[in-house]
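>>> what's the 3D shape of this:
(one chain, ligands or ions: 2)
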Amino acid sequence: QGIQDTLDKTATDGDYAQATGYPHAFIATCSQEESQVKLNRIFEGRADTVVMCGENAEAVGKADVVLLCTKPQAAKSILDDKDVYLALTDKCMVSICAGVTISQLQGWVPASTTVIRAMPNTPCMIREGMTVLSCPPKTSPDYKTFASNVFSTLGRCRFLEEKHLDAVTALSGSGPAFACVILEALADGGVMMGLSRDVATELAAQVLRGAAGMVLNTGMHPAAVKDGVTTPGGCTIAGLLTMEDGKIRSTLARTVQEATRVASTLGKEPTK
Ligand SMILES: NC(=O)C1=CN([C@@H]2O[C@H](COP(=O)(O)OP(=O)(O)OC[C@H]3O[C@@H](n4cnc5c(N)ncnc54)[C@H](OP(=O)(O)O)[C@@H]3O)[C@@H](O)[C@H]2O)C=CC1
Ligand SMILES: O=C(O)[C@@H]1CCC=N1
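Ligands and ions are numbered 1, 2, ... in the order given. Predicted coordinates:
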């Protein structure tokens, strides 16, 4: 009954989402019952959220804006469902599928559907995310504002041209994994020198957060942050030269280059 109340309220409030620029009710969909059980546990007690399983068309029919979050390879077959396709008429669909282009998505939905591409990252879970949005030039400002509002509640959000989305996928989408390898390696160094694992991890994580904050909050160039730490003849320059001997800069830059290459292939049909 609670679920039905939420859906009824959604229906009667109709254009509330567009009027405020923020969503006021959520429908999550999945294909496996065990996912539904898990999601119900996560959203327990939230009267504004409904979890549906195996009912994509019904869920899309009740929504104003649809977020497509499946694996890139599954997107086409989900949108191929005739009822899902029709339910998307005149709606906005935001896809987070890596490597799936706006023009691919437009080919899989009705012509009246507004398509927006988004590339968020996992720190959205703690509202420290980075999301880049991309949309066709004539996208309605209401939908652009709406999408930007949604992702801005989860961290930073900006618009970029779609040609940059594979690089974005590699740098900020995959970036938390790369950053955590660096974090773990710094902590390993601390452990090697006798710190406990817990302490070393805390120090390394706070160092990365603090250094990032100096760049983001003060606008300092990363090189200026580095130089500010580096006492002539001191221990920092000794460590920095060791990093340079290990080609850390080109290794990290090439990491993003290779991840970008793979990101550009993710929306393609799997090779048989
Ligand atoms: N992981 C990341 O850091 C980022 C991922 N992305 C993109 O996000 C997308 C999802 O990635 P990820 O979370 O790793 O993938 P998961 O496989 O973990 O999640 C996919 C979700 O889609 C659901 N799903 C699958 N098939 C259907 C269906 N037929 N109908 C309804 N729901 C369905 C799954 O539910 P069920 O299990 O019940 O089928 C599951 O909840 C990908 O396109 C990826 O490129 C973008 C940015 C960052
Ligand atoms: O690894 C992936 O393909 C996804 C896209 C960005 C982060 N994870």
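>>> tally of neighbours for the residue lying closest to Q106 once chain neighbours are set aside?
In this structure, Q106 finds its nearest non-sequential neighbour in V115, 5.3 Å apart by C-beta to C-beta, 6 or more residues apart in numbering. The way it works is simple: take the backbone N, C-alpha and C, and place the C-beta from them, glycine included. Number of residues near V115 (other C-beta atoms under 10 Å) recorded here: 24.
>>> one more: G155?
18.
>>> quick one: it and ligand 2, what's the gap?
15 Å (C-beta to the nearest ligand atom, to the nearest Å).
>>> need phi/psi at that residue.
When read as degrees, to the nearest 10, the backbone of G155 gives phi 140, psi -150.
>>> contacts only, for it.
G155 makes contact with P123, C124, R127, E128, G129, M130, T131 under the criterion C-beta atoms under 8 Å, 6 or more residues apart in numbering.
>>> what do you get for S31?
Contact analysis of S31 by C-beta under 8 Å, 6+ apart lists C53, G54.
>>> 10 Å - rerun?
C53, G54, E55, N56, T70, A74, I78 (C-beta atoms under 10 Å, 6 or more residues apart in numbering).
>>> restricted to strands, list the residues you listed.
Cross-referencing the contacts of S31 against strands under DSSP state E gives C53.
>>> which of the contacts of S31 sit farthest apart?
Taking C-beta to C-beta as the measure, those span a maximum distance of 16.4 Å, between E55 and A74.
>>> the two - which one has more neighbours?
Neighbour totals were compared for E55 and A74, and E55 leads with 15 against 12 (other C-beta under 10 Å).
>>> do you know how far that one is from ligand 1?
E55 is 9 Å from ligand 1, where distance means C-beta to the nearest ligand atom.
>>> is it true that that residue touches A63?
No - assessed by C-beta atoms under 10 Å, E55 is found out of contact with A63, at 11.9 Å.
>>> okay, and the common contacts of those two?
With C-beta under 10 Å, 6+ apart as the test, E55 and A63 both reach I27, T29.
>>> show me the chain divided up by domain.
Following automatic domain parsing, the chain resolves into domains at 2-162, 173-263.
>>> re the thing from before, the residue nearest to Q106 bridge partners, please.
For V115, the beta-bridge partners under DSSP bridges are M93.
>>> show me what contacts it?
68, 88, 92-95, 101-109, 134-136, 139, 143.
>>> picking up where we left off before, can you list the contacts of S31 in a markdown table and add pLDDT?
Shown next, in a markdown table, are these (pLDDT from 0 to 100):
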| residue | pLDDT |
| --- | --- |
| C53 | 97 |
| G54 | 96 |
| E55 | 96 |
| N56 | 97 |
| T70 | 96 |
| A74 | 95 |
| I78 | 96 |
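>>> dump the contacts of S31 into JSON lines; add distance to ligand 2 as well.
Output for the contacts of S31, formatted as JSON lines (distance: C-beta to the nearest ligand atom, whole Å):
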{"residue": "C53", "distance to ligand 2": "24"}
{"residue": "G54", "distance to ligand 2": "25"}
{"residue": "E55", "distance to ligand 2": "26"}
{"residue": "N56", "distance to ligand 2": "22"}
{"residue": "T70", "distance to ligand 2": "12"}
{"residue": "A74", "distance to ligand 2": "13"}
{"residue": "I78", "distance to ligand 2": "17"}
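>>> longest single helix anywhere in this protein?
The residue-count maximum for a helix in the chain (DSSP state H) belongs to helix 197-218.
>>> which members of the contacts of G155 additionally contact ligand 2?
Among those, no residue lies close to ligand 2 (C-beta under 6 Å from any ligand atom).
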